[in-house]
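S.K.: Based on what follows, work out the 3D shape:
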Amino acid sequence: MTTDPSKRDVALVVDDSPETLRLLTDALDGAGMTVMVAMDGAAAMRIVDQITPDIVLLDAVMPGIDGFETCRRLKRDAGLTNVPVIFMTGLAETEHIVRGLEAGGVDYVTKPIVIEEMLARIRVHLANARMTQSAQTALDVSGRFLMAVSSQGRIMWATPQAQKLLSDNLPAGAGDELVLPPPMLQWLDQAQKGKAGTKTPALASFPNNEALRLQYMGKLGPNEFLLRLAKDSGAGTPQEFSRDLGLTSREGEVLSWLSKGKTNRDIAQILGLSPRTVDKHLEQIYSKLGVENRTAAAAIANNATHRRS
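M.R.: Residues are numbered from 1 along each chain as shown. Here you go, the predicted structure:
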């Protein structure tokens, strides 16, 4: 499948049927691929501990660890996150197709397998995986604080810079994988669905570190969403403004962003408010601080920050 004759793509075929293994081994070898085979999920996990395949063809229904659970375990390994998994199944029901995709599969084919169709799908998914890997490599080099998550909040990949911040600020879930906490999951659900009439904050703070925030950047795939980590500078935090200047928690948030040079429209988008509501909060802030405009309010906020530093 590869255009480089010195490198053969590696396919891992997992199926409990010797006939299927022989059929696919012959077809893939004839297409210029190196083929590894496993007859159950446990054997597949042992193989990937030694060699990282370029693509996995996985039977959905097997004794012991079934294909769905095998796929979930494969995807917990950061080195296998971008390796495409194609399910092979005689089960054409929507329920099983959805289970396969939710487990981390990118595609499925029904048995009996049509070799030409399988090879065409493999070519497409190998090309997509290479593009994704190239993009992530470029992001790593550029030093961007970017990451991708599933709709369940599982961290699918992150640039090295983002990974360090995540490790310091997120609890580990099952299998030591990093997952977003429930409040951030709710924010992600609203952000990615773009519910009509719902004002979703553009940024979501980490529960244990309000200076660290997530920004929704867009959808990368069927169950993959791009987020950017943003870390506030040394400006005052909303809680400090509320405590020191006699403001409500929401007024403290508005003043915090105002002191960072954000416009009313920016503040409304960040906090999930209407611009009119931001205007009302600013009126209260000006009254409590005894000032008449945003420049004077920002000056008081900055002075308060400097006194604490």
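S.K.: Tell me which stretches of the chain form strands.
M.R.: Along the chain, the segments classed as strands by DSSP state E run 10-14, 34-38, 55-59, 85-89, 107-110, 146-149, 155-158, 203-206, 209-221, 224-231.
S.K.: Strand partners (parallel or antiparallel) of the longest one?
M.R.: What that stands for is strand 209-221. According to DSSP bridges, strand 209-221 forms sheet pairs with strand 203-206 (antiparallel), strand 224-231 (antiparallel).
S.K.: Which parts of the protein belong to which domain?
M.R.: Annotated domains of the chain cover 10-137, 143-231, 238-308 [automatic domain parsing].
S.K.: got JSON lines for these, with mean neighbour count and mean pLDDT too?
M.R.: Every C-beta, even on glycine, is put in place using the N, C-alpha and C of the backbone. Compiled in JSON lines, these are given as follows (neighbours: other Cβ atoms under 10 Å; pLDDT from 0 to 100):
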{"stretch": "domain 10-137", "mean neighbour count": "17", "mean pLDDT": "90"}
{"stretch": "domain 143-231", "mean neighbour count": "16", "mean pLDDT": "77"}
{"stretch": "domain 238-308", "mean neighbour count": "17", "mean pLDDT": "83"}
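S.K.: before we move on, back to that, of all the strands of the chain, which one is nearest residue 65?
M.R.: Among the strands of the chain, the nearest to residue 65 by Cβ to Cβ is strand 10-14 (9.9 Å).
S.K.: packing partners for that closest one?
M.R.: With contacts taken as 3 or more Cβ pairs under 8 Å, 6 or more residues apart in numbering; DSSP states H and E, strand 10-14 sits against helix 18-30, strand 34-38, helix 41-48, strand 55-59.
S.K.: then that strand to CSV, C-alphas only?
M.R.: Extracted in CSV, the C-alpha atoms of strand 10-14 (Å, rounded to 0.1, in the frame of the first residue of the first chain):
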residue,chain,number,x,y,z
VAL,A,10,2.1,-3.6,8.5
ALA,A,11,-1.4,-5.0,9.0
LEU,A,12,-2.5,-6.8,12.1
VAL,A,13,-5.4,-9.2,11.3
VAL,A,14,-7.4,-10.5,14.3
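S.K.: and it with helix 41-48, angle?
M.R.: Between the axes of strand 10-14 and helix 41-48, defined by axes from the mean of the first three to the mean of the last three Cα atoms, to 10 degrees, the angle is 160 degrees.
S.K.: Between strand 85-89 and strand 10-14, find me the angle.
M.R.: 30 degrees.
S.K.: list the contacts for residue 121?
M.R.: Residue 121 makes contacts with 86, 107, 109, as judged by Cβ atoms under 8 Å, 6 or more residues apart in numbering.
S.K.: Touching, the last one and residue 117? I think so.
M.R.: Yes: in this structure residue 109 lies within contact range of residue 117 using Cβ atoms under 8 Å: 6.6 Å.
S.K.: Pipe the strands of the chain into a markdown table and attach distance to residue 257 per row.
M.R.: What follows is the strands of the chain, written out as a markdown table (distance: least, Cβ to Cβ, whole Å):
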| stretch | distance to residue 257 |
| --- | --- |
| strand 10-14 | 50 |
| strand 34-38 | 54 |
| strand 55-59 | 46 |
| strand 85-89 | 43 |
| strand 107-110 | 44 |
| strand 146-149 | 23 |
| strand 155-158 | 26 |
| strand 203-206 | 10 |
| strand 209-221 | 11 |
| strand 224-231 | 12 |
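S.K.: Those strands: which one's closest to residue 282?
M.R.: Closest of these to residue 282 is strand 203-206, at 19.3 Å (criterion: Cβ to Cβ).
S.K.: The stretch 51-200 of the chain: helices as residue ranges?
M.R.: In the stretch 51-200 of the chain, the helices defined using DSSP state H, counting those that start in this stretch lie at 67-75, 94-103, 115-142, 160-169, 182-193.
S.K.: Just send those back as TSV, with distance to residue 35 too.
M.R.: Converted to TSV, these look like this (distance: least, Cβ to Cβ, whole Å):
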stretch	distance to residue 35
helix 67-75	17
helix 94-103	21
helix 115-142	12
helix 160-169	33
helix 182-193	38
